[in-house]
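>>> give me coordinates for this.
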Amino acid sequence: MKYFAEKYDVAVIGAGHAGIEAALAAARLGCRTAAFTVNLDWIGNMPCNPSIGGTSKGHLVREIDALGGEMGRAADKYTIQSRMLNLGKGPAVHSLRAQIDRRAYSAGMKHTLEAQDGLDVRQAEIVSLERADGGWLLTTKLEAQFFAKCVVIATGTFLGGRVYIGDVSYPSGPDGMFPANELTQSLYKLGIPLRRFKTGTPARVNRRSLDLEKTELQPGDEETQPFSFETKTPPQNKAVCYMTYTNEETKRVILENLDRSPLYGGKIEGKGPRYCPSFEDKVVRFADKERHQLFIEPCGLKTQEMYLQGLSSSLPEDVQLQFIHTIPGLEHAQMMRTAYAIEYDCADPTAMGASLEFRGLPGLYGAGQFNGSSGYEEAAAQGLVAGINAARKVKGKEPVVLDRGGSYIGTLIDDLVTKGCTDPYRMMTSRSEYRLVLRQDNADLRLTPLGREIGLISDERWADFLEKKRRIESELQRIREVSVPASEELCKILEKCGTAPLKKGCKMIELLKRPQVTYKDLEPVDPTRPDYPRQVFEQVEISVKYEGYIARQEQQIKEMRRIEKKRIPPEIDYSKLRGLRLEAIEKLSAVRPENLGQASRISGVNPADIAALNIILEAL
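So this is what the prediction gives:
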């Protein structure tokens with residue numbers, strides 16, 4: 001017998017990385033919020049790799065933090081190894097990655113949700129979602145009903161979840177959890193376009209069964225950096241990772257057992273991730289490769305579980321053991337958790353606007369893997385935006401829309417809602433055309449003012465931010481004014497850096513413009529240098545060295561935003577517009593772009609269509 005429980009401003013279905021950010025943002029913005037999860041003990045779980053960040057993903061975590069989200073702070077608390085990736089390349093692609101104590105992270109996030117004022121955390125499976133009284137009625141498996149003005153769906157891989165391991169297949173969520181099988185029918189009734197995607201995870205092995213002397217040690221950075229701009233003390237390295245390689249014998253085992261793979265046997269219908277394929281898929285697709293890199297990563301400080309990064313598989317358990325035992329260091333590995341593939345229901349994100357609200361379903365938002373993306377960081381970024389916009393809708397405010405020129409989060413969401421995705425979407429630095437401006441090091445300078453305007457940045461943090469900006473501007477002014485005389489000491493420094501010595505003095509800024517010379521190199525000849533944090537000098541040095549390139553990209557962003565300002569009326573009937581091709585009419589009618597810039601990025605809409613649409617908009 002159904003009974004009515006409570007009313008909320010915002011309800012969040014799911015408490016993974018998307019659900020956490022959505023629920024915290026809505027509650028912190030003053031909305032009475034509920035987060036529903038299948039299991040309270042698995043809040044913020046990491047069912048795949050025990051890490052946060054990585055190439056481009058580190059950018060997302062920094063941006064989440066700059067806006068006032070939680071992931072960066074939590075990652076810093078539970079980091080066990082920290083590395084800045086791509087340091088051999090330019091600053092645009094530097095990305096922070098940290099190994100995380102996954103159970104400590106989950107427990108910490110659970111406590112954060114429990115302690116948040118205005119947020120109720122409930123263990124309950126939502127089986128039905130219906131429109132009611134200008135809002136939404138949610139029904140649990142135990143037939144309790146809740147009303148919410150706005151709802152964020154963040155179901156991860158639980159929705160219609162089905163696990164595949166060889167010939168064995170059964171309904172399941174990730175990590176052996178119960179799936180959420182009943183909600184799908186409600187979403188179909190609401191007209192939400194759904195499809196099946198697939199992802200997977202590698203086996204976990206017992207550390208004591210490994211011969212790690214046969215592998216290559218992968219230590220953390222000597223000087224670590226935090227994700228959060230609020231973290232005062234950088235995290236400490238408390239663990240190490242290891243690297244090894246597969247070989248021809250590994251390849252042989254895979255090829256001889258392909259007929260036992262559900263991926264190649266046609267049992268798995270869902271589309272898998274293009275940029276993180278299963279190991280058997282890598283062997284087939286890259287048949288000429290003799291070996292593949294494999295990282296052995298700790299899952300935490302209080303467990304012997306090690307994660308085999310790069311060995312995702314859906315082959316039978318016996319085959320998994322067989323190919324694992326061909327790898328140096330893993331010859332006697334004891335498998336603690338079997339690798340598996342998981343298929344799940346998710347939405348077509350082109351049915352949403354840039355606010356992540358479904359068109360035609362006011363107050364209903366999607367976030368995370370439910371939107372067709374993959375990765376904890378992509379999920380958290382969307383959850384933050386969906387939670388912010390759900391809260392703003394409750395309060396009668398305009399939604400926050402991040403654009404491609406201001407953030408990786410804006411690029412991620414624009415790609416999803418404009419271009420859609422035919423396989424699980426993964427963020428990459430190459431997806432951003434403005435990546436020199438959208439660096440991970442300046443995320444706070446780009447987004448903290450917006451976070452403050454939204455209401456997620458505290459007074460203390462805002463004061464720290466303004467002081468950092470003041471110091472950057474002060475230091476830029478100082479190096480423009482300070483002269484460095486030619487001297488034997490300076491000449492030795494320049495010679496060591498591999499650049500020409502000075503014949504006469506010059507301004508400090510001129511020396512810093514040299515690609516080979518760093519702030520650290522010039523310290524002995526810079527006695528007036530203030531005692532500022534490393535991050536201040538980092539911003540000054542990058543702005544000086546890349547001044548011309550940055551200015552060019554900022555001009556491109558300015559032009560992009562000029563086009564984005566040309567709004568398209570939401571009720572426009574494309575079929576009645578002259579000058580548009582049939583394909584363009586179909587694509588524009590399906591995606592319903594909010595502006596001319598978004599329209600220009602839709603697959604199947606060409607420049608001639610945009611020119612015609614621009615003329616039509618000018619005449620309206």
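
>>> how about residue 609: what's its closest non-neighbour residue?
Excluding the flanking residues, the one nearest residue 609 by C-beta to C-beta, 6 or more residues apart in numbering is residue 584, at 4.0 Å. Glycine gets a C-beta too; all of them are placed from N, C-alpha and C.

>>> and the pLDDT for that neighbour?
Looking at residue 584, its pLDDT is 91.

>>> residues near residue 395, how many?
Residue 395 has 13 neighbours, counted by other C-beta atoms under 10 Å.

>>> likewise the one 3 residues further on?
Other residues within reach of residue 398, judged by other C-beta under 10 Å, total 9.

>>> the helices in the stretch 301-450 of the chain, which residues?
For the stretch 301-450 of the chain, the helices defined by DSSP state H, counting those that start in this stretch occupy 317-324, 376-394, 408-414, 443-454.

>>> which one, of these, ends up nearest to residue 83?
Evaluated with C-beta to C-beta, the helices of the stretch 301-450 of the chain place helix 376-394 nearest to residue 83, the distance being 15.6 Å.

>>> quote the end-to-end distance of stretch 227-246.
For stretch 227-246, the first and last residues are 32 Å from each other (C-alpha to C-alpha, to the nearest Å).

>>> identify each buried residue in it, please.
For stretch 227-246, a neighbour-count test (16 or more other C-beta atoms under 10 Å) marks 227-231, 235, 237, 239-246 as buried.

>>> for stretch 133-143, same thing?
135, 136, 137, 138, 139, 140.

>>> can you show me the CA trace of that stretch as PDB?
Coordinates of each C-alpha in stretch 133-143 appear next as PDB, following Å, rounded to 0.1, in the frame of the first residue of the first chain:
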ATOM      1  CA  ASP A 133       1.300  19.100  -9.400                       C
ATOM      2  CA  GLY A 134       3.900  21.000 -11.300                       C
ATOM      3  CA  GLY A 135       6.700  18.800 -10.000                       C
ATOM      4  CA  TRP A 136       7.600  15.100  -9.700                       C
ATOM      5  CA  LEU A 137       6.300  12.100  -7.800                       C
ATOM      6  CA  LEU A 138       8.900   9.500  -6.900                       C
ATOM      7  CA  THR A 139       7.900   6.000  -5.700                       C
ATOM      8  CA  THR A 140      10.300   3.600  -4.000                       C
ATOM      9  CA  LYS A 141      10.300  -0.200  -4.100                       C
ATOM     10  CA  LEU A 142       8.800  -0.100  -0.600                       C
ATOM     11  CA  GLU A 143       5.900   2.000  -2.100                       C
END
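
>>> how far does it sit from its chain's centre?
The chain centroid and the centroid of stretch 133-143 are separated by 30 Å, computed with C-alpha atoms, centre = their mean, to the nearest Å.

>>> what does that stretch contact?
Residues outside stretch 133-143 that contact it (C-beta atoms under 8 Å, 6 or more residues apart in numbering): 1-3, 11, 13, 36, 124-131, 145-151, 182, 363-364.

>>> got it, and stretch 167-174?
38, 45, 47-48, 156-158, 161-163, 178-181, 201, 260, 262, 267, 316, 342.

>>> between the two ends of it, what distance do you get?
18 Å.

>>> again with stretch 225-239
End-to-end distance of stretch 225-239: 16 Å, with C-alpha to C-alpha as the criterion.

>>> now it, how far from the centre of its chain.
Its chain's C-alpha centre and that of stretch 225-239 lie 19 Å apart, by C-alpha atoms, centre = their mean.

>>> using a markdown table, lay out the helices of the stretch 301-450 of the chain together with mean pLDDT and mean neighbour count.
Formatted as a markdown table, those follow (pLDDT from 0 to 100; neighbours: other C-beta atoms under 10 Å):
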| stretch | mean pLDDT | mean neighbour count |
| --- | --- | --- |
| helix 317-324 | 97 | 20 |
| helix 376-394 | 98 | 30 |
| helix 408-414 | 97 | 27 |
| helix 443-454 | 98 | 20 |
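
>>> what bits of this protein have low per-residue confidence?
For the chain, the stretches flagged by pLDDT under 70 are 1, 265, 270, 275.

>>> biggest helix in it by residues?
Across the chain, the longest stretch assigned as helix under DSSP state H is helix 459-481.

>>> just list what that helix packs against, helices and strands only.
On a contact count with 3 or more C-beta pairs under 8 Å, 6 or more residues apart in numbering; DSSP states H and E, helix 459-481 meets helix 443-454, strand 506-507, helix 508-512, helix 534-545.

>>> so the residue nearest to residue 609, which state does it fall into?
Following DSSP: H, G, I helix; E, B strand; the rest coil, the label given to residue 584 is helix.

>>> can you check the one 3 residues further on too?
When the structure is split into helix, strand and coil by three-state DSSP, residue 587 lands in helix.

>>> where's the closest residue to it other than its chain neighbours relative to residue 617, distance?
Leaving aside its sequence neighbours, residue 587 sits nearest to residue 604 (C-beta to C-beta, 6+ apart; 4.3 Å). Between residue 604 and residue 617 the distance is 19 Å, computed by C-beta to C-beta, to the nearest Å.

>>> quick one: what helix or strand has residue 97 in it?
Secondary structure from DSSP states H and E places residue 97 in strand 95-100.

>>> that strand: what's the following helix or strand?
Note on strand 95-100: by DSSP H and E, the next helix or strand toward the C-terminus is helix 102-115.

>>> quick one: contacts for residue 247?
Neighbouring residues of residue 247 by C-beta under 8 Å, 6+ apart: 290, 291, 326, 327, 328.
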